[in-house]
Structure formats: C-alpha cells, structure tokens
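Engineer: kindly generate the corresponding structure for this input.
(2 chains)
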Amino acid sequence: MQKNNRLLNSITLLLVSIVIFAVLFLLIYNNIINEFAGDILKISGIYIIVALSLNLITGFTGQLALGQAGFMAIGAYTTAICVMKFHIPLLAALIIGGLFTALFGFLIGFPTLRLRGDYLAITTLGFGEIVRVIMVNLEGLTGGAAGLYGVPSFSDDFKLNPIMGFIWIFCFAVATILIISNLINSSAGRAIISIREDEIASNSMGINVPYYKMFAFVFSAFIAGIGGGLYATHFGYLNPSMFNFLFSVNIVVMVVLGGLGSITGTIIASCIFAFFTMYFLPLFKDFAQNVFHISILDFNQVIFATVLILMMLFRPRGIMGTKELSFVKLVKGIGFNKTQGVK
Amino acid sequence: MMEFVQQMINGIALGSVYALIALGYTMVYGIVKLINFAHGDVWMIGAFTGYFVLAALGVGPLSIILAFIVSMIVCAIFGIVIEKTCYKPLRNAPRINILITAIGVSLLLENGARVIPFIGPNPKQFPTFGNANMLFMGINISFVQVIELGISILLMILLNYIVNKTKMGKAMRAVSHDMNAALLMGINVDNVISFTFAIGAALAAAAGILFALAYPQVEPYMGIMPGLKAFVAAVLGGIGSIPGAMLGGFILGTAETLTKGFISSKLADAIAFGILIIILVIKPSGILGKNQREKV
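Structural biologist: Numbers count the residues shown, from 1 in each chain, chains lettered A, B, ... in the order given. The predicted structure is shown next:
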C-alpha cells in the first residue's frame, strides 16, 4: 500500500512536471516570456535544488548547517575547472563536482556530526569561510579574488543557450525533488526524521544516529555541489565572494520560509524568493528612488532578517509546516497530506 | 626571536579583545544554551557608539572614559532588548528555532546599520591618539596595546568579582547549573538572564572600542569575523567556562598574529576555523570545559 502510494506519487510528480515543463518550454521557445523572466525561472530552479539540499539536513535531520554556499562553491569551481581545463562533458563534470563536494561533506561532517547541533552550525559556517579563503588563495586554479571567467555555458550555440539552460536546470530540479521525496518516504528517511524528533530516543530504538546523520549530510553536500555547478554554468563566471555567508543565510531563509521539513514548502519559497529578489526588489528600489528620492541600499537583507525573526516568533513552521501539497491527494479531493509526525 | 616576542605581544593585545567578546558568548551559552550570533554585532554597535562619542567630544582621557561608559550602557540596553523581544518568547521552543532567530537578529543589526543614514555602509575613520610607542628592550609596545591589556584585565577582574562574590553572581551560577531548580529556589530567572545578556553586551562594547582604537576603522560588517573568532575562542576554552573564555581568547589572538607574522596574512582568517575543527575532533568540551553527559 505504502509502496504503491510512493510509486503513484512519483509518477504523478513526473507527469505534472512534464506538463509544467511543456508549458514553460513553449512560452520560452516562442519568446512569449522574455529572457529576463526565463532567468528568474532558472534561478528559481537552482534555488530549489540548493534549498532542498539544505532542507534535507536542517528540516528533516534537524541539524542547522550554515555553510551551504561553501558546498556550492566547491561544486561550482570543480565543475567549471573540469569543463574548462579537462574538457569533460558538462553532465559528467556536474556529477564529478557533486561527488567532490560530497567528499568534503564527509570530511567536515566527520568531526562535527558526533556533537550537538550548535557545533555543526558554527563549523559549517567556518567551513564556508575557509572555502572562500582557499578559493582566493589558489590563484593558479581558481583565478583568485578576480574570479574565473569564461565558464562554458549550457550550449555552444548562443541562441540556444537560454532554452538549453532551462532544460538542464529543470531536469535537475525535478530529479532532486523526486529523489528527496522518495528518500524521505523510505525507511532511511524515517530514520532521518526520527533523529530530528529526538536523537536520544531514536538512538535507543536502535537507529544508527551518526550513520544517518552523516548520510543526510553527505547527500545534502552532493546536491548542493550539483546546484553550485549549475549556478556556475548559468552565470558563466565565478568569484569567491559570490558564495559568502549571506548567500548561505539566504538559503536558510528560503528553507525556513517554506517550512522546515516540507519539500513543497521549500519549492514555493524558493520561487517566491527568486521572484522577490530579482523582480520585485529592483522595482521597489527604483520606485523609492524616483518617487521619494531615497536610495535604499541593502534593504533586501533587512527584509530577510525581519522575515526570519518574525517567522520564528509567530509562525516557526513556515508556509507549509511539515505538510506537503500532494497531487495524488489533490486529485482525490483532500488537498493537504500530512506525511510526517506530529510536532 | 625578537620578531617572535613582538608578535606574541601583538597577539596578547588582540587576544584580550577576543577574550572580552568570548566572555559574552560563554556566559550566555552557560545560562540559556544559546549561541548568541548577534553578539558580534552588539560589539559593532559598541564600537560605533564609541565612535560617535569621540567624534563629538574629541580625543582625550576624559572623553575616552566617557566613551567606554556610554557605549557599555547603550550595549547593555541593546542586549536586554534583544533578549526580551527575540529570545525570551522562544525559550521553550526547539533549539534550532532560537538559533535561526539569533542569526536573524545578527543580520538585522548589521544590515539595519547599513541602511540607517548616519551610519551607512562606508567605513569610518575612528578617532585615535597618534602612534605613541614605547621601546622596551628592542620590542615595540604601543600605547593602545597597553590600554587594551589594562582595561581588559580590569574588566575581567570586575567580572570575576561579580560572578563569584555578589548575590547576582551566585544566582547566575545557580541558573547555569540548573535553571528549573533555581526557579524553585525563588530565583528570578528572567532577571538573571537579562542581567547576563547586559553584562556580556557591556563587555563586548568595551572590546569594540579597544579594537577600534587599535584598528581605527568602523563599519557595519566589522562584527562578523571577530564575533566568529571570539566564539571559536569560547569553544576552545570550553564553552560555559569563564576562565576558559579568557584563556581561549589569548590563545586565539596569539595564534592569529603568529600566522600573520610567519605564515601568511591571507590565512589568518582561516586559522581560527582550523583551530575550531581540530578542537572539536580532539576535545569537544574545550580546554577547561567539563565533559557533560546528555541525559534523557
């Protein structure tokens, strides 16, 4: 029964994403929505991938990690260097980038995951900073502080590039959603959620807590690395300061906004976030500049910080809580599907 | 050899600032088990308050003392307000929520400072008294370093007195030992926690002015790195332990200046986190910390 449901869920998800894909593809291909809107869609897709990777470790496993931008940086640089210096095809380079990031996730997780959550937060934060310092210092390989220019894009054909980028990112985003939602509903996923609910209790129930924590962490690093690789290919250049602490915090904002432990919540929040930062805020800034003659520098970070605090104070569950929007249930007319335990 | 001694002295001066910040982290952690991410930004506010006082009054012995007093009071108020509005409602919430709130407060303070017109994002020159140096057996000791060390030691002695000899200090120790038992014994836990935040913030304010006197530039993001390093210092010494925070601060300060002097100045920021990872592998409870067992 459970297994059938999972299969049904996956198939529906695939069908729905194919429909969404077809609609968006036609819209972009026929230039009905312009390149800028296409960029927002692509960035949304990358945010979905990265935010889901963080949600796996923070929302489902309950360990706050603040270095997701560091993992993205490793994935991005590895992918870029593989493609540029070793002429490896993009798909293989993305996977190599992900695996290399996962290796770092393992190395950094090893000392910290045996400890309580706060230490993980601060170590991953420090790790993100160290990655940035190393990227600046390895000038021969990464271009140092000036950055790495000329990362090959998704397609050699200049005209085809936007649509190819969309296809790549969309496919990876759907694959991430599929894999994570299946993982969460598997027995490994149940073990991971039980760690979030109560570490000591799940340990005494015979769950290998360090193993599952490490598993979630390494897997999260792998996905973040791939997200970073896509990010690098999308922008075409890399700079260590792109992956600073604020970027890590922005990913946390997306996950918290969507709901710690909700895949659909994260997807919704990532799209809102991309739209908000890329479209609404510049518009708002122009408006303030033209009408009130005030320039609002860094206003977005103030808004995110306030949202973060207010969310935690008044609605710590985020938009979705741990609930999921399920298409299967939607068809059956129930709508919301509570998948995880009570909290 | 002279170079080494020189770097050690620079390191101890820098370490005394880290130690003062680390005290705030360790006391708050000892009592409410929270990594107060906003602490580094309270430190930044302290430095800015000092900047405004000194910019208004000019540099002199009296105005410096006034700057210390004003900024310690302002930061203590900030500490209490942050605790009352953001942390207190979440005291019984899951740990991860309060941690995220702390990050939010930190971001709000530093980016709020960038938006506020009279602070703004551009670095400001901190008024300081010239480069008065003493040459002592071939080693260069600046006047600022003497002040740094003197004031930090003074404040640490004062803190030691408050924690060990006063009634409030006794209450603080009781709450950090067992909050519920302290509550049952008739201790006003809310007041004790607010008091702890106020003291931590006041120490951070003093550290902020000392740091700004030595590295005369203030800007809203200045609190991020020293804040994190001071946290590393607190973990290194054993989080929750007051002497540990002092020791950790001095070790971290010397480690950083030695790295800057003998290895590479670019790696100075990375060394702190390297130390953090090493200490977490070897002795997670820190140098002076007690190993605590988790109970159900």
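Engineer: okay, and residue 105 sits in which element?
Structural biologist: Assuming you mean chain A. Using DSSP states H and E, residue A:105 sits in helix A:90-112.
Engineer: could you do chain B instead?
Structural biologist: Going by DSSP H and E, residue B:105 is in helix B:95-115.
Engineer: could I get the average pLDDT for stretch A:227-242?
Structural biologist: For stretch A:227-242, mean pLDDT rounds to 90.
Engineer: what comes up buried for it?
Structural biologist: Neighbour-count burial for stretch A:227-242 flags A:227, A:228, A:229, A:230, A:231, A:232, A:233, A:234, A:238, A:239, A:240, A:242 (criterion: 16 or more other Cβ atoms under 10 Å in any protein chain shown). (Each C-beta comes from the backbone N, C-alpha and C, glycine too.)
Engineer: so which of those sit within helices?
Structural biologist: The members of the buried residues of stretch A:227-242 that map onto helices under DSSP state H are A:227, A:228, A:229, A:230, A:231, A:232, A:233, A:234.
Engineer: in CSV: the residues you listed, plus distance to residue B:19.
Structural biologist: Listed next are these as CSV, based on distance: Cβ to Cβ, whole Å:
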residue, distance to residue B:19
A:227, 39
A:228, 37
A:229, 42
A:230, 44
A:231, 40
A:232, 41
A:233, 46
A:234, 45
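Engineer: rewinding a little: the helix holding residue B:105 near chain A at all?
Structural biologist: Yes - Helix B:95-115 reaches chain A (Cβ under 8 Å from any Cβ of the partner chain) through B:95-101, B:103-108, B:111-112, B:114-115.
Engineer: ok so, going back, just name the closest of the ones in helices among the buried residues of stretch A:227-242 to chain B, please.
Structural biologist: residue A:228 (20.0 Å; Cβ to the nearest Cβ).
Engineer: residues contacting that closest one?
Structural biologist: Contacts for residue A:228 (Cβ atoms under 8 Å, 6 or more residues apart in numbering or on different chains) come out as A:50, A:71, A:72, A:73, A:74, A:75, A:76, A:77, A:79, A:97, A:101, A:243.
Engineer: among these, which pair sits farthest apart?
Structural biologist: A:50 and A:77 (15.4 Å; Cβ to Cβ).
Engineer: neighbour count winner among the two?
Structural biologist: Using other Cβ atoms under 10 Å in any protein chain shown, the more surrounded residue of residue A:50 and residue A:77 is residue A:50, with 33 against 29.
Engineer: SS state for that one?
Structural biologist: Following DSSP: H, G, I helix; E, B strand; the rest coil, residue A:50 is assigned to helix.
Engineer: what sits closest to it if chain neighbours are left out?
Structural biologist: residue A:227 (4.0 Å; Cβ to Cβ, 6 or more residues apart in numbering or on different chains).
Engineer: and the one you found, how far from residue A:237?
Structural biologist: In this view, residue A:227 and residue A:237 are 17 Å apart by Cβ to Cβ, to the nearest Å.
Engineer: helices of the stretch 101-250 of chain B, start to end?
Structural biologist: Taking DSSP state H, counting those that start in this stretch as the criterion, the stretch 101-250 of chain B contains helices spanning B:143-165, B:167-177, B:179-184, B:189-214, B:224-237, B:242-258.
Engineer: chain A contacts on the stretch 101-250 of chain B?
Structural biologist: By Cβ under 8 Å from any Cβ, the residues of the stretch 101-250 of chain B that approach chain A are B:101, B:103-108, B:111-112, B:114-115, B:121, B:224, B:228, B:231-232, B:235.
Engineer: which of these count as buried?
Structural biologist: B:101, B:103-108, B:111-112, B:114-115, B:224, B:228, B:231-232, B:235.
Engineer: pull the most distant pair out of those.
Structural biologist: Greatest spatial distance among these (Cβ to Cβ): B:115 and B:235, at 32.1 Å.
Engineer: so which bits of the lengthiest helix in chain B are buried?
Structural biologist: The longest helix of chain B (DSSP H) is helix B:2-32. Of the residues in helix B:2-32, B:6-32 count as buried by neighbour count, 16+ other Cβ under 10 Å.
Engineer: the inter-axis angle of it versus helix B:95-115?
Structural biologist: Here the directions of helix B:2-32 and helix B:95-115 differ by 120 degrees (axes from the mean of the first three to the mean of the last three Cα atoms, to 10 degrees).
Engineer: residue of the stretch 101-250 of chain A nearest chain B, please.
Structural biologist: The stretch 101-250 of chain A approaches chain B most closely through residue A:126 (3.2 Å), counting by Cβ to the nearest Cβ.
Engineer: helix/strand/coil for that residue?
Structural biologist: Going by three-state DSSP: residue A:126 is helix.
Engineer: can you pull the contacts of residue 26?
Structural biologist: Using chain A. Residue A:26 neighbours (Cβ under 8 Å, 6+ apart): residue A:32.
Engineer: the intended chain is chain B.
Structural biologist: B:234, B:237, B:239, B:240, B:241, B:242, B:244, B:245.
Engineer: which residues touch residue A:187?
Structural biologist: Residue A:187 neighbours (Cβ under 8 Å, 6+ apart): none.
Engineer: er, residue B:237 I mean
Structural biologist: B:22, B:26, B:243-249, B:251, B:286-289.
Engineer: and what of residue B:9?
Structural biologist: By Cβ under 8 Å, 6+ apart, the residues touching residue B:9 are B:139, B:141, B:145.
Engineer: which residues touch the helix holding residue A:105?
Structural biologist: A:67, A:71, A:74-76, A:78-79, A:82-83, A:88, A:119-120, A:123-124, A:127, A:152, A:154, A:168, A:172, A:213-214, A:217-226, A:228-230, A:233, B:277, B:280-281.
Engineer: next one: stretch B:215-225
Structural biologist: With Cβ under 8 Å, 6+ apart, stretch B:215-225 has contacts from A:245, B:40-44, B:47-48, B:51, B:109-111, B:113-114, B:119, B:121-128, B:212, B:269.
Engineer: do that again at 6 Å, thanks
Structural biologist: B:40-41, B:43-44, B:47-48, B:51, B:110, B:113-114, B:123-124, B:126, B:128, B:212 (Cβ atoms under 6 Å, 6 or more residues apart in numbering or on different chains).
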